[in-house]
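Requesting a structural model of the entry that follows:
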Amino acid sequence: MNRLKATVIEVKDIAEELSSLAEDVNIDEDQAQKLRARYHAIGVVKKQFFCDFEELLALYASAQKELDSMQGEDSRITELEAQKAELLTDVTEKAHALSAYREEAAEHFVERVSEELRFLDMPNVVLTVQHETGKLTIQGMDTVTFLISANKGEIPKPISKIASGGELSRIMLALKSVIADRDSIPTLIFDEIDTGVSGKAAQKIGVKLREISRSRQVLCVTHLSQIAVMADTQFMIEKHDENDRTVTQVHELDFEGRVQEIARIMGGEDPSELMLQNAREELKKVKESD
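All right, here's what the predicted structure looks like:
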């Protein structure tokens, strides 16, 4: 009980002291109002960004840093524009050099491809390169179009508009022969490459296909024995009816199977013994040439 009485006396003494101190404090109502408003604003922002006060301070520091950098962008933009002008000058010079190189290389390229096409039984072919310069792009400043005339007296036109399926295949074969050591295409597929050719021309096409096959895989659909004998591997494609549906079957031929098929291509459905012997000798000749 005595302790409680002592505590009450102590509290009264503290209250009197605080009251005395309060009389000496001058409160600036305007400043207080500003502080209250700021406190309220901080509370609103904390809710908006779902963070506590420490995290809010970190966000403020990051935003201030970004703002400072943005305020210095004028000088940075000037610096970048100067770099851009310098790089544009450099790239333009290199584009002109590349354009000159392409023009020079085009002459040599056309000469070599034309030679290959003449070998592939296209003796009257005229191949030219239409070289135009224009807007600078990531590939340079050139637009290159290959023009070809497959027949004597014809004006060279874009390959896609003038060449037939068989001619396109032979043109592609000639192109691949010239750039065989420079591109990275692993597999080449030729269809209708034997269209409109026979005899010696077909044999030349077969030779060229075999040359290319030494550096990449070549798939070729053919109906000529001169081309078929050049293959390392030969597949037979057959269609037949099965349950009222057309079914396509593909199977690999062994050596004797190839003999039979090549002889059939040479002489019809019932090849003679002479045709079979001829097919066998042609296959052996190709194998021995390797």
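
For residue 245, list each beta-bridge partner.
residue 242 (DSSP bridges).

quick one: contacts of stretch 153-170?
117, 120-122, 126-128, 145-150, 171, 190-197, 205 (Cβ atoms under 8 Å, 6 or more residues apart in numbering). Quick note: C-beta positions are derived from backbone N, CA and C, even for glycine.

Quick check on those: which are buried?
Applying a neighbour-count criterion of 16 or more other Cβ atoms under 10 Å, the buried members of the contacts of stretch 153-170 are 117, 120-122, 126-127, 146-150, 171, 190, 192-194, 197, 205.

Output the below-cut-off pLDDT ranges for this structure.
Residue ranges of the chain with pLDDT under 70: 1-2, 22-25, 27, 71-73, 162-166, 290.

Do me a favour and get the end-to-end distance for stretch 130-144?
Taking Cα to Cα, to the nearest Å, stretch 130-144 runs 6 Å from one end to the other.

now the helices: where do they sit in the stretch 101-250 of the chain?
In the stretch 101-250 of the chain, the helices defined using DSSP state H, counting those that start in this stretch lie at 159-162, 165-178, 199-212, 225-228.

between the second one and helix 199-212, how big is the angle?
Put simply, helix 165-178 runs at 40 degrees to helix 199-212, going by axes from the mean of the first three to the mean of the last three Cα atoms, to 10 degrees.

What residues of helix 165-178 count as buried?
Buried, per 16+ other Cβ under 10 Å, within helix 165-178: 166-178.

and what of stretch 264-272?
By 16+ other Cβ under 10 Å, the buried positions in stretch 264-272 come out as 264, 265, 266, 267, 271.

Widest-spaced pair of those?
Largest separation among the buried residues of stretch 264-272 by Cβ to Cβ: 265 and 271, giving 8.9 Å.

picking up where we left off before, can you lay out the buried residues of stretch 264-272 as TSV showing secondary structure?
Listed next are those as TSV, based on DSSP: H, G, I helix; E, B strand; the rest coil:
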residue	secondary structure
264	helix
265	helix
266	helix
267	helix
271	coil
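
Nearest to residue 77, out of those: which one, please.
Nearest member of those to residue 77, counting by Cβ to Cβ, is residue 265, at 72.2 Å.

May I have the residues that are in contact with that closest one?
If you count contacts by Cβ under 8 Å, 6+ apart, residue 265 has them with 223, 224, 225, 228.

how about a cut-off of 7 Å?
Residue 265 makes contacts with 223, 225, 228, as judged by Cβ atoms under 7 Å, 6 or more residues apart in numbering.

try residue 258
Counting by Cβ under 7 Å, 6+ apart, residue 258 has contacts 234, 283.

hmm, try it at 8 Å
Shown in contact with residue 258 (Cβ under 8 Å, 6+ apart): 228, 234, 279, 283.

So residue 221 sits against residue 190, correct?
Yes: with contact defined as Cβ atoms under 8 Å, residue 221 reaches residue 190; the gap is 7.2 Å.

which residues in the stretch 51-200 of the chain form strands?
Taking DSSP state E, counting those that start in this stretch as the criterion, the stretch 51-200 of the chain carries its strands at 126-137, 140-149, 157-158, 187-191.

any chance of those strands in a markdown table, plus distance to residue 87?
Formatted as a markdown table, the strands of the stretch 51-200 of the chain follow (distance: least, Cβ to Cβ, whole Å):
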| stretch | distance to residue 87 |
| --- | --- |
| strand 126-137 | 11 |
| strand 140-149 | 15 |
| strand 157-158 | 34 |
| strand 187-191 | 39 |
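
Residue 98 is nearest to which of these?
Here strand 140-149 is closest among these (Cβ to Cβ), at 4.9 Å.

Show me what that closest one is packed up against.
Packing partners of strand 140-149 (3 or more Cβ pairs under 8 Å, 6 or more residues apart in numbering; DSSP states H and E): helix 73-119, strand 126-137, strand 157-158, helix 159-162.

follow-up on the earlier one: ok, the contacts of residue 265 vs residue 10, which is closest?
Nearest to residue 10 among these, with distances taken as Cβ to Cβ, is residue 228, at 117.6 Å.
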